[in-house]
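Trainee: just a sequence and a predicted model for now, questions to come.
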Amino acid sequence: MAKTSSTAKSARRKARKLKGRIAAKKKKEFLYRGKTIKELQELSMEEFTELLPARSKRTVQRGMLEKNSRFFRHLERGDEVVKTHSREIVILPNMVGRRISVYDGRKFVEVHIVPEMLGHSIGEFALTRTQVKHTGVGVGATRSSKYMPLK
């Protein structure tokens, strides 16, 4: 009797091991509001605009400024990296997979556009403020540090 329970236990253990080995997960396909990237790229601008959140939808519906239309011309032309100062441009399906350099106020930050960025503005991915990294206390920071002992 004791022998059958140990074999059942070892069988369950072997099954768990096999299940863990099979875990070569298939990459999940990206969906934006229930549509794949290919379906989104086939949509007209008006149809895609209906899928956007309110702020992005309003920005796209109001139309492009002259500097934004120039940016899209460079994008359509197929330039490898497109530079822009305009941080308010909404990311559209035809930008996916492209590299865009966005000005952060000091330098151009290269942003690689992935499907998860759809509907956001370009400027959200080029941070304008860097994290401050403090070191130790410097000379003159406190009154006692003014007087350096002579060695």
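Mentor: Now that the structure is in, tell me what you want to look at. As the structure is a computational prediction, the values presented were derived from the model and not from experiment.
Trainee: how about the helices in the protein?
Mentor: In the chain, the helices defined using DSSP state H lie at 2-21, 37-42, 45-51, 54-61, 66-77.
Trainee: nearest to Asp104, of the ones you listed?
Mentor: helix 66-77 (16.3 Å; C-beta to C-beta). (Glycine included, C-beta is placed from N, CA and C.)
Trainee: mean pLDDT and mean neighbour count added to the helices of the chain, as TSV?
Mentor: Shown next, in TSV, are the helices of the chain (pLDDT from 0 to 100; neighbours: other C-beta atoms under 10 Å):
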stretch	mean pLDDT	mean neighbour count
helix 2-21	75	9
helix 37-42	92	14
helix 45-51	91	14
helix 54-61	91	14
helix 66-77	87	13
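Trainee: would you turn those helices into JSON lines with distance to His120?
Mentor: Rendered in JSON lines, the data for the helices of the chain read as follows (distance: least, C-beta to C-beta, whole Å):
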{"stretch": "helix 2-21", "distance to His120": "37"}
{"stretch": "helix 37-42", "distance to His120": "14"}
{"stretch": "helix 45-51", "distance to His120": "13"}
{"stretch": "helix 54-61", "distance to His120": "7"}
{"stretch": "helix 66-77", "distance to His120": "16"}
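Trainee: of those, which is nearest Val137?
Mentor: With C-beta to C-beta as the criterion, Val137 lies closest to helix 54-61 of the helices of the chain, at 44.6 Å.
Trainee: could you export that closest one as PDB, CA atoms only?
Mentor: Only the C-alpha atoms of helix 54-61 are listed here, as PDB (Å, rounded to 0.1, in the frame of the first residue of the first chain):
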ATOM      1  CA  ALA A  54     -10.300  62.100 -25.500                       C
ATOM      2  CA  ARG A  55      -7.200  64.300 -25.300                       C
ATOM      3  CA  SER A  56      -5.300  62.600 -28.100                       C
ATOM      4  CA  LYS A  57      -8.500  62.500 -30.200                       C
ATOM      5  CA  ARG A  58      -9.000  66.200 -29.900                       C
ATOM      6  CA  THR A  59      -5.400  66.900 -30.800                       C
ATOM      7  CA  VAL A  60      -5.700  64.800 -34.000                       C
ATOM      8  CA  GLN A  61      -9.100  66.200 -35.000                       C
END
